[in-house]
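1. what would the 3D arrangement of this be:
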Amino acid sequence: MNTTIIITQALLTYPRVKSAQLARLLALCAALISMTPITTASAQVENQQIVELKAIELPELVDKSFEKLTFLSVKNGLLIPVPHQFEDIDENGQSWFKEGDTPLLGRKGIVDPHDSLFFRFADTGQRIDAFNSGFTRIAAEIQVLSSQTNEISYLYVSDQLSGFQYKPLTQYDQKAGIIKSDYFTLHTKPEDFLSWNDFTYRSYKGEQQSSLLDTLKFRLAADVLFNSATITLDNNDIETEVLAVKQGPIRTIILAKSHLTFASIPVVFLDIRFNVLPQQFNIDVIVEVPGIISTVLRNPQATISIDGNNLLGSDILTAFNPVTPTKVDGKMSDTETALLSHTVNGGESWVWLGTNAGFDIYTELHVPSNFKAPISLHYVDDLSLEEKPERFVGQGPNIGYKIHQIPINDTFRFQFDAYFSDTIKGVTPQEFALRIKDIPAVASQPIADEFNIAQDGANAN
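-> Below is the predicted model of the structure:
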C-alpha cells in the first residue's frame, strides 16, 4: 500500500500537553537558549543520527500492538509515513531473540514500557496545523527536542493506518555474505560474517576504489605453559555460527556464537550481537574464558582492530592526541609509537580516521566500569608488514584496541562501535561522538479529537 496523505486548510486544535511533560520541555528549552547556534557540520551529524527511545517515554503507545502503529511526519505540507522499528527486550535489556538464551521481558509484539523504538532524527518534521476531508485518526503527537538546534520537531502516530512496507535501511544477505546500507557495502564470507572482504563507501572520492578496508581482525596471544613458546590465535582459529538475523526498517541484528580453539580445545567462547545501522555498526560481545585455559595457557591478551587498505594521507586523531593528527604514510613515526604507551582511562578510547576524500571512521571501545584489565590502543602504520589473515600486505593503517591480562575463569563484556561519515570536519571527534549518540528529550500527548486527512487514491493499492 503506497499512500500519500495531504494536509490543507483548517486549523487543528491540540489538547493540553501534560503539565510534567510541558515543564520538562520548557526547562530544557530554557537551558539551551544561551547555546551557540548549530553549524552546518553539526546538522549533518544530527541528520545521520538514529534515535533509540524507551517506550516509557511514550505512555500513549504502551499496550498497543507493534503492527498496528504507523509513524507519520509532516514534510513540506505532506503528512507521510516514515520508517520506524519497535523491538521486544529480553531480561538482559537487549533485543529479544526467540533463538537466544535469555527470556523475553514482557509481551511479544506489544509495546511494554521497557521496549525500544528506533527512528531517524531526519524523519521528524513540522507540526500539523491543518487537515482535509477523508478520514483517519492520529492517536498521539511526539515532540522531539533537539539539543543541537534548540528546536522541537514532531512525529505523529496513527493506530488506524497499517500495511505500509518500508525498504530496510540495512540488509544482510546471509547466503551471499553481503551487509549493506545506502551508504556502505561490506562483503563477508558467507560461512563466517566475521571474515571481511571488500568494503566500499558511497561518497569516497579517493584514488583507491576497490576496498577501503582489508579485514576485521581478532587476535588472542598467550604463553604456553611448560615451555617458552607464545601462540597467537586469529580469525582462522574462530568458528562462528549465525543463530538468527533480525532485519527491520531501521537496523539489522545478527545473533551469533563463536569460539576460539587451541590444540582442539575451545579456549574462549563469544556470544556476539552485530548491530548494523545505515552509517554505523556495533559489535556487542560477551566473552567467556573457562578455567581450563589455565592448564595450557597463561597471560592471555586480545586485540580487535580494523585493517585499512592503503589509506595513505589519512589523518589520525585519538583520545591520546585529540588536537594534532598523525599522518598515515606507511611507516611508524615516533609520535605514532608513543600512542601505544597509553592505557585507556575513564572510558576515553576513541579513534578517528579521516581520509580527506569523503570517508571518515570514528571508533570506540566500551567495557564495564568494573573491568580492571588494562586496555591500550592498537595501532600499526606499516605498508611492508604482513599480519595474516589479510588480503592485502601491509597495515595501512591497522587501528583498534588491545585488552591486556584477560581474566580467566570469568565472563566479561565489551562493545566495539564504528561510525562512518562523509566527513566530520567542522566538529571535533568528541563533539561528533556526543551528538551522534545524543538521546533527544521527548514528550508525547494523545490527540483526543479525531481529524481528517485525505488519501491520494492514485497511489493506494
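
2. please count neighbours and contacts with C-alpha atoms only from this point.
-> Will do.

3. do you know how far the nearest residue to Leu61 once chain neighbours are set aside is from Leu339?
-> Among residues not flanking Leu61 along the chain, Val111 sits closest, at 6.6 Å (CA to CA, 6 or more residues apart in numbering). Val111 sits 47 Å away from Leu339, taking CA to CA, to the nearest Å as the criterion.

4. quick revisit: give the burial count for the residue nearest to Leu61, as a bare number.
-> Using other CA atoms under 10 Å, the number of residues around Val111 comes to 26.

5. please give me every residue in contact with it.
-> Contact partners of Val111, counting by CA atoms under 8 Å, 6 or more residues apart in numbering, are 55, 61-66, 86, 88.

6. 7 Å instead, please
-> 55, 61-66 (CA atoms under 7 Å, 6 or more residues apart in numbering).

7. and if you look at Gly313?
-> Listed by CA under 7 Å, 6+ apart, the contact partners of Gly313 are 327-329, 355.

8. and what of Leu233?
-> Shown in contact with Leu233 (CA under 7 Å, 6+ apart): 219-221.

9. the protein - how does it break down into domains?
-> The chain breaks down by automatic domain parsing into domains covering 5-166+440-459, 170-425.

10. can you put those in a markdown table and add mean pLDDT and distance to Glu431?
-> Shown next, in a markdown table, are those (pLDDT from 0 to 100; distance: least, CA to CA, whole Å):
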| stretch | mean pLDDT | distance to Glu431 |
| --- | --- | --- |
| domain 5-166+440-459 | 75 | 9 |
| domain 170-425 | 91 | 9 |
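
11. kindly reformat these as a markdown table containing distance to Phe432.
-> Formatted as a markdown table, the domains of the chain follow (distance: least, CA to CA, whole Å):
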| stretch | distance to Phe432 |
| --- | --- |
| domain 5-166+440-459 | 7 |
| domain 170-425 | 7 |
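
12. how about the ones you listed, which one is nearest Ala433?
-> domain 170-425 (8.0 Å; CA to CA).

13. the closest one: end-to-end distance?
-> From start residue to end residue, domain 170-425 stretches across 25 Å - CA to CA.

14. count of neighbours near Phe420?
-> Look at Phe420: counted by other CA under 10 Å, it has 20 neighbours.

15. how much space separates it from Lys257?
-> When CA to CA is applied, the distance between Phe420 and Lys257 equals 26 Å.

16. which non-adjacent residue is nearest Ile304?
-> Beyond its immediate neighbours in the sequence, the residue positioned closest to Ile304 (CA to CA, 6+ apart) is Phe218, lying 4.8 Å away.

17. sorry, back to before: which pair of the contacts of Val111 spans the longest distance?
-> Ala55 and Ser65 (12.4 Å).

18. am I right that Val267 sits in a strand?
-> Yes. Counting by DSSP: H, G, I helix; E, B strand; the rest coil, Val267 is found in a strand.

19. what sits against it?
-> The neighbours of Val267, taking CA under 7 Å, 6+ apart as the test, are 260-261, 289-290, 293.

20. out of these, which is nearest to Asn76?
-> Proximity of those to Asn76, judged by CA to CA, is greatest for Leu260, which lies at 53.9 Å.
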